[in-house]
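S.K.: sequence isn't available, so here's the structure alone:
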């Protein structure tokens, strides 16, 4: 059996086991908390909200717990207004089951970590790289284009087990949104044949306005977004003979334009497309200046996930993120660029 077939058989087994567990538990009408990662993107929200719809249909009481409101660019997503924002008053609440979605380590939940760990049982659905072995009720497969691709398969098995229709228009829009963003409209190297087949089925079977989704996810912009992107692009620097393209965004630059972090979405990916660039890095100060949030995109031998892990982050081979505390923006820039130069030299 080829390695690919073995991986696919293993993930199918894990999906079947997790679906069986969720189906059996849901019939007991449990309380379920679903936790997307902090600063949730379309894949995290799409997968979390889709699972919530599915488990409610099976009888569970479900809350999607987020660190903050969905970005303005994602406010169009179905059911997004049902998301519960975490507060300290919730800290001692105990769910029967807590599900981490689009992350595989609780520390990415930030303030919600304790609430997640308080639950009687835990599960994970994710597609990011992790060093440790997969545990019980953990569905982690890096060969999937997105967590939404895995969620499609999980909900399909739940439909079969329950002998009822769970997929609907809302789930279709949510899953497509997650798959489209994590694959760059199905143009990135992580795009899988399975994701394309799932996309086709969802468009065929449900009411999905693909032109609307494309506009909302990729094309809609504002004057503020154009201005801040212009400011950042005007400040970009080169290293390693032009192989590294990077930019650092101080909070003053954001405040001047009254810009928010989501105005910089996809900018690091756009920077990667410059001729001759192997790695793009975007750093920005958090609103309270306590942390530096970084994103790295790779066109080359540099493994973006391994790079991000050096700074406590993670992600994919070509696209990853990390957070640095205890450094100024200038210090973080120096550390990050030096590490990128080192890893590029080693892998070349």
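M.R.: Looks like it arrived, so ask away. Keep in mind that what you see is a predicted model, and the values were worked out from it rather than measured. Numbering: from 1, shown residues only.
S.K.: now do the strands in this structure.
M.R.: Under the criterion DSSP state E, the chain contains strands at 31-36, 61-66, 84-85, 97-101, 121-126, 138-140, 237-239, 244-249, 279-285, 291-298, 314-315, 319-325.
S.K.: okay, those strands in TSV with mean neighbour count and distance to residue 147 next?
M.R.: C-beta here means a position set from N, CA and C on the backbone, and glycine is covered the same way. Formatted as TSV, the strands of the chain follow (neighbours: other CB atoms under 10 Å; distance: least, CB to CB, whole Å):
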stretch	mean neighbour count	distance to residue 147
strand 31-36	26	9
strand 61-66	21	14
strand 84-85	11	20
strand 97-101	26	6
strand 121-126	22	6
strand 138-140	22	9
strand 237-239	14	33
strand 244-249	22	27
strand 279-285	24	22
strand 291-298	24	18
strand 314-315	22	12
strand 319-325	20	14
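S.K.: of all those, which lies closest to residue 51?
M.R.: Closest approach to residue 51 among the strands of the chain is made by strand 31-36 (5.8 Å; CB to CB).
S.K.: partners of that closest one, with directions?
M.R.: strand 61-66 (parallel), strand 97-101 (parallel) (DSSP bridges).
S.K.: which residues touch the first one?
M.R.: If you take CB atoms under 8 Å, 6 or more residues apart in numbering as the criterion, strand 61-66 is touched by 29-36, 40, 48-49, 52, 55-56, 82-86, 90, 112, 115.
S.K.: for the chain, longest helix please?
M.R.: Longest helix in the chain, counting residues (DSSP state H): helix 3-26.
S.K.: now do it and strand 121-126, the angle between them.
M.R.: 140 degrees (axes from the mean of the first three to the mean of the last three CA atoms, to 10 degrees).
S.K.: what packs against helix 3-26?
M.R.: strand 121-126, strand 138-140, helix 147-162 (3 or more CB pairs under 8 Å, 6 or more residues apart in numbering; DSSP states H and E).
S.K.: mind checking which of those is nearest residue 214?
M.R.: Going by CB to CB, the one of those nearest residue 214 is helix 147-162, 15.9 Å.
S.K.: the closest one packs against which elements?
M.R.: helix 3-26, helix 42-57, strand 121-126, helix 169-182, helix 193-205.
S.K.: list the buried residues in the first one.
M.R.: Neighbour counts using 16 or more other CB atoms under 10 Å place 11, 14, 15, 18, 19, 22, 23, 25, 26 of helix 3-26 among the buried residues.
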